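>>> any chance you could fold what I've pasted below:
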Amino acid sequence: RANLLDGFSALENLQLAMGFAAVIPPNQRRQRASELLEQVGLADRLHHRPAQLSSGQQQRVALARALVNRPALVLADEPTASVDYETGRKIVVLLRDFCARQGAALALVSHDRELLASFGTIMALRAGRLETEAHAGASPAATIAHTQGLAPQLPMSSPNTR
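Numbering: from 1, shown residues only. All right, here's what the predicted structure looks like:
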C-alpha cells in the first residue's frame, strides 16, 4: 500500500508533502508536483484520488511524493514491486537520475536480482549480519541495495554486543 491521503488527488498529495516540509516555495509547488507526476508517467492522472488509481499508479504517486522535496537520502522499499517490467525500469532510472542530479544517496530494497546487479554496491542482511559485494561500474549515485544471500560476510554489531 502506498499510504496516500485518500481524500486528496495525486497532485494534492504531492503539494501537501511540500507544504509540510516548506522546502519548495508555495508559488512553485503545483508546477513541481505536475512535473514529477509526469516523470512517473501519471500526467493524465493528476486529479485522480488514490481509490481511482491502480496499485502501481499509487506506488508511482508515492515515489513522486518521496522525491518532491529533494531529499538527501532516498529510501526505496521494493519500488518496482507493484508495476510492470518496463515501468519498473523507468522508476529505477528516475531514482538514479534524481540521486545523481541532487547528490543524494539511494538505499533500495529489492528481491529482483537483475535490478540489484545493476547497482555498484549490494548489501545484504542475513542472520543478523551485514554482507557486502562491490560491482564493477558502480552507479554515479551512492547506491545500496538490500536482499538475501548475495555477498561475503562482514560483521555487524547487534544490540547484544554493544
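>>> any idea of the pLDDT on residue 32?
Per-residue confidence at residue 32 stands at 94 (pLDDT).
>>> dump the residue contacts of the residue nearest the centre of the chain.
In the chain, the C-alpha nearest the mean C-alpha coordinate belongs to residue 76, at 3.5 Å (Cα atoms, centre = their mean). The contact partners of residue 76, taken as Cβ atoms under 8 Å, 6 or more residues apart in numbering, are 63, 66, 95, 106-109. Where C-beta positions appear, they are placed from N, C-alpha and C, glycine not excepted.
>>> element containing it?
Mapping residue 76 onto the secondary structure by DSSP states H and E places it in strand 73-77.
>>> report the buried residues of that strand.
Within strand 73-77, the residues that qualify as buried by neighbour count (16 or more other Cβ atoms under 10 Å) are 74, 76.
>>> helices or strands up against the helix or strand that it is followed by?
The element immediately downstream of strand 73-77 (helix or strand, assigned by DSSP H and E) is helix 85-102. Helices and strands touching helix 85-102, by 3 or more Cβ pairs under 8 Å, 6 or more residues apart in numbering; DSSP states H and E, are helix 55-67, strand 73-77, strand 105-109, strand 142-147.
>>> and the angle for the longest one with strand 73-77?
Think helix 55-67. With axes from the mean of the first three to the mean of the last three Cα atoms, to 10 degrees defining the directions, helix 55-67 sits at 160 degrees from strand 73-77.
>>> where does this structure have low pLDDT?
Applying pLDDT under 70 to the chain picks out residues 1, 134-162.
>>> walk me through the domains of it.
Listed domain ranges for the chain are 1-70, 72-162 (source: automatic domain parsing).
>>> looking at these, which is buried most?
Between the domains of the chain, domain 1-70 has the highest mean count of neighbours, a mean of 17, where neighbours are mean count of other Cβ atoms under 10 Å.
>>> gap between that one and the chain center?
13 Å (Cα atoms, centre = their mean, to the nearest Å).
>>> now do stretch 68-84
1 Å.
>>> for that stretch, how far is the first residue from the last?
Using Cα to Cα, to the nearest Å, the end-to-end distance of stretch 68-84 comes out at 23 Å.
>>> thank you kindly, that will do.
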